[in-house]
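Trainee: Here is my input, please return the structure:
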Amino acid sequence: MDIKKIIELVKQFFKEVKVELKKIAWPARKETVASTSVVLIIVLIIATFLGVVDIALSRIVKIFFS
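Mentor: Below is the predicted model of the structure:
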């Protein structure tokens with residue numbers, strides 16, 4: 001392929017990317033903060049639950065094999 005053809009293809013690609021990015025409905029800052037907060041709270045709850053289950057199971061295994 002000719003280098004000029006490649007450059008034109010790359011330019012066309014980025015023009016199309018720019019057009020597609022304009023179509024995106026970006027969430028407002030308030031929505032983003034709220035969604036992030038929900039995700040972090042759920043992750044903390046699940047991590048705590050799994051930590052408690054891990055500690056309980058390791059103690060049970062210790063009791064049976066000690």
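
Trainee: Which residue of the protein lies farthest from its centroid?
Mentor: residue 66 (41.9 Å; C-alpha atoms, centre = their mean).

Trainee: Select the longest helix from the chain.
Mentor: helix 29-65 (DSSP state H).

Trainee: returning to that earlier point: return the distance of the residue farthest from the centre of the chain relative to residue 58.
Mentor: 12 Å (C-beta to C-beta, to the nearest Å). Quick note: C-beta positions are derived from backbone N, CA and C, even for glycine.

Trainee: Also residue 23?
Mentor: 51 Å.

Trainee: Comparing these two, which shows the higher neighbour count?
Mentor: Neighbour count, other C-beta atoms under 10 Å: between residue 23 and residue 58, residue 58 has more, with 10 against 6.

Trainee: Find me the pLDDT at the more buried one, would you?
Mentor: pLDDT, residue 58: 96.

Trainee: Against residue 46, how distant is it?
Mentor: Taking C-beta to C-beta, one finds residue 58 at 18 Å from residue 46.
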